[in-house]
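Chemist: Give me coordinates for this.
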Amino acid sequence: MVNPINKTIDLGDGRMITVETGKLAKQADGAVTVRMGNTVLLATVTAAKDANPGVDFMPLQVEYKEKFSAYGRFPGGFMKREGKASDYEILTSRLVDRALRPLFPDNYHAEVFVNIILFSSDGNDMPDALAGLAASAALAVSDIPFNGPISEVRVARIDGKFVLNPTFSELEKADIDIMVGATIDNIMMVEGEMNEVQEAEMLEAIKVAHEAIKIQCQVQLELSEACGKLTKREYDHEINDDELRKDVREKCYDKVYAIAISGSSKHERSDAFSKIVEEYKTTFTEEELKEKAEMIGRYYHDVEKEAMRRAILDEGKRLDGRKTMEIRPIWCEIDYLPGPHGSAVFTRGETQSLTTVTLGTKADEKMVDDVLNHGKERFLLHYNFPPFSTGEAKPSRGIGRREVGHGNLAHRALKRMIPADYPYVIRVVSDILESNGSSSMATVCAGTLALMDAGVKMKKPVSGIAMGLISENKGSKFAVLSDILGDEDHLGDMDFKVTGTKDGITATQMDIKVDGLSYEILEKALAQAKEGRMHILGKLTAMIAEPREDLKPHAPRIESLTVGKEYIGAIIGPGGKIIQGIQEKTGAIISIEEVDGVGRIEVSGTNKETIDAAMRAIKAIVAVPEIGETYEGKISSVMPYGAFVEFMSGKDGLLHISEIDWKRLETVEQAGLKEGDTIQVKLVDIDPKTGKFKLSRKVLLPKPEGYEERPPRAERSDRGDRGDRNDRGGDRNGQRNNRPPRRYE
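Modeler: Next up, the predicted model:
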């Protein structure tokens, strides 16, 4: 017997979201379907009964997957089945994870798996805006301990108005696109991109999102009550010893605090902190440590956190000695590598990015074949975070979710500053060589420098900064930190990254780790971030203020032009004969496609002469012949009545024997003309019915002295192709044209 429970959410514009439980996946700890229009998501959550031995963190795993059948498509590739997660699926998983993770109890360490699957879509509504709601609703109908619910919504500003959960097509017109995750009371996560908007405008968008989220959270509470899941399971995942906790603090805090205010470097500080706890452990026997080592580690971590926070709140001293608004020293260099088409090193404190730019042609475009997104990308940004950047002795095992997420943030920060009609495909690669806080923002800064070093015509340079927060008593006392360190991120309450130009914000990412973050604190953080951004931007523009006038000598050259779509076939030719011939002759690479009803052509080559030759050939094909113009043509064939001359690429005209010379000719050869010769001709007429071209050579020659015009020939009878024969005066008896027509019985 199936007894599903349904709840509905009205988005206020006629669209409804339905949340249902009790019908599908009933063996999971919690399962819901979320439906909006033709978009259907299934979210399930399962949790282990107990924590694994030695686990002292929250082992949460969120997986978002899209079925190709959801959109009536076959997967690509030989296997024809879904494979590894796409970047879009990874980014959606991260959005959900970042909003959920802080809300599990600190002492809950059982493995939790959240799976969200897109089972249906019409390609109109964006499913990532529903994934957070689905995951939280699944937790709400389970007995898994969770301090939610949360929900996530996308807010876009389109034509000056805020729109909740816009469609794919609507989003293309937006100048603000942010995803917000929140509880009823607090903002938990923000991520998005903007077209140089002001801080107040972004804050307004967050407020609009939060109002919608409050409604969605209330519906989840009602759903949880209807399912009888308000009471959560009991658990005991930590062994605690209050006497040991007190002893760790008494014997370690003062030493830790002294290091916290000493202003030491990352590795000096890390070694000093490690030495303190190791010395403390020597007061115990090996048998005692087997029982207490895990607890000592947890309690000592709390001591470090308290000491760092007290140093900032009470004395205004940060771990590296800076003031709260102070930016670490910056040095940068461009044109660092000779091989890439652009390169830069950006170093801020103990964080360093070496970034390169490679310019390519249309053949280098990235093909995207996701379930709901299939097309091509012309601006790529890849971020690499090798273990040696933090001094870790372990192998690199390829990119993970973190690399995808950090690269995506930097990509969003820079992409709107690349002109839409820029002819090159661009690949930016950021390799992080040192890391102690905000390597994604270092990527934005190094990316700006490398792009300008490559000669990419950026609209404006972009800088980025990461902000932190230390607060207590629900924000009654707080400090906003500019340009945070890795430890300040780990031990603090907020990681707020903001990128932008001198005129406004281009991208943001924010994660909140505490309850009670007020809009007053957010507003202060944004204002302080702007001040920091401008300082960093000044450092970038001092190095290079404008993009280079020209590309590097070894960069590919590309020119582009647009033509009427009716010319595309003529340029390509039968079986690609024409375009291939131009490429073979000139050495250029030519690509052509129809975009928005016109033909877009890109010509690339290693030097200007190659491109110019190809461009001349293409322009000759698309040029419109004009009566009265003189052309240099090549005789393509010789006939008894004249010669056909290719006077423009792909365009032949008849040079009648009477138009070759002022004197009367019996054959074309009498004028010394033969197939393959190049001659000057003038276009004298275009037949309005057939479009055939009439050429003349004699009008370009001096008229002989005493030349008399011959009377024009008699008009041809309207007999199609046989008219020339009848113009000669009829049959042998001179009477044929006057005979009455024959009758056929």
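
Chemist: Okay, Leu313 and Glu594: tell me how far apart.
Modeler: 62 Å (CB to CB, to the nearest Å). (Each C-beta comes from the backbone N, C-alpha and C, glycine too.)

Chemist: Which of those two has more residues huddled nearby?
Modeler: Legend: neighbour count by other CB atoms under 10 Å for Leu313 and Glu594, higher for Leu313 (14 against 10).

Chemist: Roughly how far does the more buried one sit from Asp495?
Modeler: Going from Leu313 to Asp495 by CB to CB gives 18 Å.

Chemist: ditto for Arg101
Modeler: 13 Å.

Chemist: before we move on, what about Phe284?
Modeler: On the measure of CB to CB, Phe284 and Asp495 end up 36 Å apart.

Chemist: more crowded one of these two?
Modeler: Taking neighbours as other CB under 10 Å, Phe284 and Asp495 compare with Asp495 leading, 21 against 15.

Chemist: for the record, mean pLDDT for the strand or helix carrying Lys682?
Modeler: Using DSSP states H and E, Lys682 falls within strand 678-686. Average pLDDT, strand 678-686: 92.

Chemist: I'd like the average pLDDT over the next helix-or-strand element following it.
Modeler: Following strand 678-686 in sequence order, the next helix or strand is strand 693-696 (DSSP H and E). Strand 693-696 carries an average pLDDT of 94.

Chemist: cool, stretch 200-213 as well?
Modeler: pLDDT averaged over stretch 200-213 gives 96.

Chemist: Also stretch 40-60?
Modeler: On average, stretch 40-60 scores 94.

Chemist: now it, how far from the chain's geometric center?
Modeler: Distance, stretch centre to chain centre, for stretch 40-60: 31 Å (CA atoms, centre = their mean, to the nearest Å).

Chemist: Kindly report the same for stretch 108-126.
Modeler: Mean-position distance between stretch 108-126 and its chain equals 22 Å (CA atoms, centre = their mean).

Chemist: now swap in stretch 635-651 and tell me
Modeler: Distance, centroid of stretch 635-651 to centroid of chain: 51 Å (CA atoms, centre = their mean).

Chemist: what's next to it, contact-wise?
Modeler: Residues outside stretch 635-651 that contact it (CB atoms under 8 Å, 6 or more residues apart in numbering) are 570, 573, 578, 617, 620-621, 623, 625, 631-634, 652-660, 667-669, 673-679, 681, 683, 693, 695, 724.

Chemist: What are the boundaries of the helices in the stretch 201-350 of the chain?
Modeler: Assigned by DSSP state H, counting those that start in this stretch, the stretch 201-350 of the chain shows helices spanning 242-260, 266-281, 286-315.

Chemist: angle of the shortest one against helix 286-315?
Modeler: What that stands for is helix 266-281. With axes from the mean of the first three to the mean of the last three CA atoms, to 10 degrees applied, the angle from helix 266-281 to helix 286-315 works out at 130 degrees.

Chemist: what's helix 266-281 packed up against?
Modeler: For helix 266-281, the packing partners by 3 or more CB pairs under 8 Å, 6 or more residues apart in numbering; DSSP states H and E come out as helix 242-260, helix 286-315, helix 486-491.

Chemist: JSON lines please, covering these and showing mean pLDDT and distance to Thr8.
Modeler: JSON lines is the format used below for these (pLDDT from 0 to 100; distance: least, CB to CB, whole Å):
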{"stretch": "helix 242-260", "mean pLDDT": "95", "distance to Thr8": "48"}
{"stretch": "helix 286-315", "mean pLDDT": "93", "distance to Thr8": "43"}
{"stretch": "helix 486-491", "mean pLDDT": "90", "distance to Thr8": "39"}
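
Chemist: Packed most tightly, which of those would that be?
Modeler: helix 486-491 (a mean of 20; mean count of other CB atoms under 10 Å).

Chemist: So which elements touch that one?
Modeler: Against helix 486-491 (3+ CB pairs under 8 Å, 6+ apart) you get helix 266-281, helix 286-315, strand 463-472.

Chemist: so where's this protein shaky on pLDDT?
Modeler: The model of the chain has pLDDT under 70 over residues 1, 475, 516, 707-745.

Chemist: go again using 80 as the cut-off
Modeler: 1-2, 473-476, 515-517, 649-650, 705-745 (pLDDT under 80).

Chemist: residues in contact with Thr562?
Modeler: 598-601.

Chemist: so which of the residues you listed is the most crowded?
Modeler: Neighbour-wise, the contacts of Thr562 (other CB under 10 Å) top out at Ile601, 23 neighbours.

Chemist: Disregarding flanking residues, what is the spatial nearest neighbour of it?
Modeler: Leaving aside its chain neighbours, Ile601 sits nearest to Ile592 (4.8 Å; criterion: CB to CB, 6 or more residues apart in numbering).

Chemist: Thanks a lot, see you next time.
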